[in-house]
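A.B. asks: When you get a sec, could you give me coordinates for this:
(2 chains)
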Protein chains: 2
Amino acid sequence: MLGFMGEFDLINTFFKRPGRHATLGVGDDCALLPVTPGQQLAISSDMLVEGRHFLSTVNPRLLGHKALAVNLSDLAACGAHPKAFMLALALPQVEPYWLSEFSKGLWELADAHQCDLIGGDTTRGPLNICITVLGEVPAAQALLRSGAKIDDDIYVSGHLGDARLALEIFRGNLSVPEGVFDAARMRMEKPTPRVALGMALRGLATSAADISDGLLGDLKHILDASGVGAEIQTHLAASTMASGAHCQLSAEIQMHLTLAGGDDYELVFTAPVAKRQAIADASALSATPVTRIGKIRASRELLLLNAQGLKVADTFQSFDHFKTP
Amino acid sequence: MLGFMGEFDLINTFFKRPGRHATLGVGDDCALLPVTPGQQLAISSDMLVEGRHFLSTVNPRLLGHKALAVNLSDLAACGAHPKAFMLALALPQVEPYWLSEFSKGLWELADAHQCDLIGGDTTRGPLNICITVLGEVPAAQALLRSGAKIDDDIYVSGHLGDARLALEIFRGNLSVPEGVFDAARMRMEKPTPRVALGMALRGLATSAADISDGLLGDLKHILDASGVGAEIQTHLAASTMASGAHCQLSAEIQMHLTLAGGDDYELVFTAPVAKRQAIADASALSATPVTRIGKIRASRELLLLNAQGLKVADTFQSFDHFKTP
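C.D. replies: Next comes the predicted model:
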């Protein structure tokens, strides 16, 4: 702890760099951001709390990555192009090593997306990281939750359940071979926001959401917002890691991880059947695997079917910060 | 505590209302905000932590007001017109009365400024309120800290030191008659963001900042950013409340409250001598008192002068979240 390091020194040392997008960045009362004509602003905020979203022992560089990644994932779900972000940080004390590593993880991901830190706030308090990210999307082209149409295909990106697999191993509830754990842990600690896929889906997907609270919960948001139902084939969505034979995880556990794992930061989206080739092209263009897992139905329920087309009981509950203890 | 109230119920119950400015508000992955052609976006984030920025016993309705007010004050300092805000909230538990009152205070001020809540985040954790506010300002008309010119007049809005007076009474360090305390407490708990003044100062003020950390500290930000110095007449800036004869506060304490009080949310700004009448008009138009307290000088120091024009020793330190215990 550097008792003599003030708020302004802290900002200057770790969080001030010349920006690309902003007219005026960190250091004035407001950041000023020009918005490209014809574009709408897409905005999302996520707050990460120690003990709830990460443990005090987390690698700060990975935490810096994740804090921004979960926000970029929201932009991805809207098909928006990241431009800038605000960082508000409550710190119990000023630890230069922690801040240096945290800011490195943050900059690495920010640079990869050419997304500038333009302002924010620092204060003393229980560790809390609140990022607000700003992106642009052409007017009327944003991917919304409310656009799913009957008979649309349902897709997910990447693999689901890996992050929850790692969490349950940390909790001592599951065990898997070390290589699988390492890979799952990397997916939990360093998620990949699907920004390129989201942008490639503009004009193709009829709806989209990011999977932060589990596939079923986030798909239900789409169904509710669109006034439709769906059927999904659970085996198609299954995580490749958890489903490996060498993992020896029961089918029920695999399904729980896949359907209600949480912390995936993949996209679930819908698109007309006629767009299957275009979706495959968007997947290739963005170098992001996508899997078709079901269809939108008129009946307002969410049916889970197994590989034999038989109904699977839905005993899965999505992760909700205020329902779990 | 409502153990059964989930995150989405909480948002729907207390924080979802139809918006004016946003295309898409609370409930999708991102909020979508159209930006008026020719306008730049002004953005500011402030994080309020229990025990640091407010006590657990604070009236939640006043806290809702203040959480937004401190952010609107940053927009005011840039001359920006408030449009929308994001609210991220970490709560130790879900208390409907607290949330209902907090949201009332928030809505009252938001409505007064036609500023919409368009999105955010809620999670469990130590009480933390992080608001990011978005406003518009015509391109190249934003008030910056960096524009003060030699011989410019220096002004402050309203009265300084009232909030700190209330805080020191709470701390048991000062005592004043009850009526003075009530008034000072209201200034601490329900500050007035000077949005109308900030907008009226576009094209007039050469620089501006909001006074959140104390006049001297915030004026120094202007001086540093502008590469100039200043002299101010300390008696002109003095708080009317603390300076009342019936308060029996020493001249030194009065000066400390005025110069380094903090939490004032007034504006300090500079303007050319030729604009004195225009500044008076802006003050009248915005129904906000302003006082001329000094001048910008070439010599890069901040001179404090008393009513006799004699130098006052600067023993005042501005409030810094990481320097105070």
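
A.B. asks: okay, now A:Lys83: neighbour count?
C.D. replies: 27 (other Cβ atoms under 10 Å in any protein chain shown). Any C-beta I mention is one placed from the backbone N, CA and C, and that applies to glycine too.

A.B. asks: what's the domain layout of chain A?
C.D. replies: Domain ranges of chain A: A:7-138, A:145-312, per automatic domain parsing.

A.B. asks: need those in a markdown table with distance to B:Ile222 and mean pLDDT, can you?
C.D. replies: Converted to a markdown table, the domains of chain A look like this (distance: least, Cβ to Cβ, whole Å; pLDDT from 0 to 100):
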| stretch | distance to B:Ile222 | mean pLDDT |
| --- | --- | --- |
| domain A:7-138 | 10 | 89 |
| domain A:145-312 | 38 | 91 |
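
A.B. asks: Pick the most buried one from these.
C.D. replies: domain A:7-138 (a mean of 21; mean count of other Cβ atoms under 10 Å in any protein chain shown).

A.B. asks: Adding distance to B:Asp218, write the domains of chain A out as JSON lines.
C.D. replies: Converted to JSON lines, these look like this (distance: least, Cβ to Cβ, whole Å):
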{"stretch": "domain A:7-138", "distance to B:Asp218": "9"}
{"stretch": "domain A:145-312", "distance to B:Asp218": "37"}
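
A.B. asks: Tell me which of these lies nearest to chain B.
C.D. replies: domain A:7-138 (3.4 Å; Cβ to the nearest Cβ).

A.B. asks: and the closest one, how far out from the chain's middle?
C.D. replies: 15 Å (Cα atoms, centre = their mean, to the nearest Å).

A.B. asks: so who does A:Gly38 touch?
C.D. replies: A:138-139 (Cβ atoms under 8 Å, 6 or more residues apart in numbering or on different chains).

A.B. asks: And A:Met86, by the same measure?
C.D. replies: The contact partners of A:Met86, by Cβ under 8 Å, 6+ apart, come to A:31, A:117-120, A:131-134, B:43-45, B:132.

A.B. asks: what's the answer for A:Ala110, then?
C.D. replies: Per Cβ under 8 Å, 6+ apart, neighbours of A:Ala110: A:68, A:85, A:116-117.

A.B. asks: now do 7 Å
C.D. replies: The contact partners of A:Ala110, by Cβ atoms under 7 Å, 6 or more residues apart in numbering or on different chains, come to A:68, A:116-117.

A.B. asks: tell me which residues form a beta bridge with A:Met86?
C.D. replies: Counting by DSSP bridges, A:Met86 is bridged to A:Gly119, A:Thr132.

A.B. asks: so how far is A:Phe54 from it?
C.D. replies: As judged by Cβ to Cβ, to the nearest Å, A:Met86 and A:Phe54 stand 20 Å apart.

A.B. asks: Which residue, neighbours along the chain excluded, lies closest to A:Leu236?
C.D. replies: A:Ile293 (4.5 Å; Cβ to Cβ, 6 or more residues apart in numbering or on different chains).

A.B. asks: Check which helices and strands the helix or strand containing the one you found sits against.
C.D. replies: Per DSSP states H and E: A:Ile293 is located in strand A:290-297. For strand A:290-297, the packing partners by 3 or more Cβ pairs under 7 Å, 6 or more residues apart in numbering or on different chains; DSSP states H and E come out as strand A:153-157, strand A:229-233, helix A:234-237.

A.B. asks: In three-state terms, label the nearest residue to A:Pro37 once chain neighbours are set aside for me.
C.D. replies: Excluding the flanking residues, the one nearest A:Pro37 by Cβ to Cβ, 6+ apart is B:Pro37, at 6.2 Å. With DSSP: H, G, I helix; E, B strand; the rest coil as the basis, B:Pro37 sits in coil.

A.B. asks: for B:Pro37, phi and psi?
C.D. replies: phi -60, psi 140 (degrees, to the nearest 10).

A.B. asks: wait, A:Lys104 sits on A:Leu63?
C.D. replies: No. Between A:Lys104 and A:Leu63 there is no contact under Cβ atoms under 7 Å: 10.7 Å.

A.B. asks: Just the CA trace of stretch A:230-241, in PDB.
C.D. replies: Provided in PDB are the C-alpha atoms of stretch A:230-241 (Å, rounded to 0.1, in the frame of the first residue of the first chain):
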ATOM      1  CA  ALA A 230     -38.700 -22.600 -28.500                       C
ATOM      2  CA  GLU A 231     -37.500 -26.100 -28.600                       C
ATOM      3  CA  ILE A 232     -33.800 -26.900 -28.200                       C
ATOM      4  CA  GLN A 233     -31.900 -30.100 -28.600                       C
ATOM      5  CA  THR A 234     -29.800 -30.200 -25.500                       C
ATOM      6  CA  HIS A 235     -27.100 -32.600 -26.800                       C
ATOM      7  CA  LEU A 236     -26.300 -30.100 -29.500                       C
ATOM      8  CA  ALA A 237     -25.400 -27.400 -27.100                       C
ATOM      9  CA  ALA A 238     -23.300 -29.600 -24.800                       C
ATOM     10  CA  SER A 239     -19.900 -28.400 -23.800                       C
ATOM     11  CA  THR A 240     -17.100 -30.200 -25.500                       C
ATOM     12  CA  MET A 241     -15.000 -30.100 -22.300                       C
END
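
A.B. asks: what does that stretch rub up against?
C.D. replies: A:154, A:156, A:159-162, A:165, A:180, A:183-184, A:215, A:219, A:223, A:254-255, A:257-259, A:291, A:293-297, A:302-307, A:312.

A.B. asks: now do 6 Å
C.D. replies: A:154, A:156, A:159-162, A:180, A:184, A:223, A:254-255, A:257-258, A:291, A:293-297, A:302-305, A:307, A:312 (Cβ atoms under 6 Å, 6 or more residues apart in numbering or on different chains).

A.B. asks: How far off centre is that stretch?
C.D. replies: For stretch A:230-241, the distance to the chain centre is 19 Å (Cα atoms, centre = their mean).

A.B. asks: same question, stretch A:125-145
C.D. replies: 11 Å.

A.B. asks: just stretch A:242-255 next, same as before
C.D. replies: 24 Å.

A.B. asks: mind listing the helices for chain A?
C.D. replies: A:7-14, A:60-78, A:96-112, A:162-170, A:178-189, A:195-200, A:215-226, A:234-237, A:240-243, A:251-260, A:276-285 (DSSP state H).

A.B. asks: Could you provide those helices in CSV, with additional columns for distance to A:Ile150?
C.D. replies: What follows is those, written out as CSV (distance: least, Cβ to Cβ, whole Å):
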stretch, distance to A:Ile150
helix A:7-14, 51
helix A:60-78, 22
helix A:96-112, 38
helix A:162-170, 31
helix A:178-189, 33
helix A:195-200, 24
helix A:215-226, 9
helix A:234-237, 20
helix A:240-243, 30
helix A:251-260, 22
helix A:276-285, 17
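
A.B. asks: Ok, which of those helices comes nearest B:Gly79?
C.D. replies: Minimum separation from B:Gly79 across the helices of chain A (Cβ to Cβ) falls at helix A:7-14, 23.0 Å.
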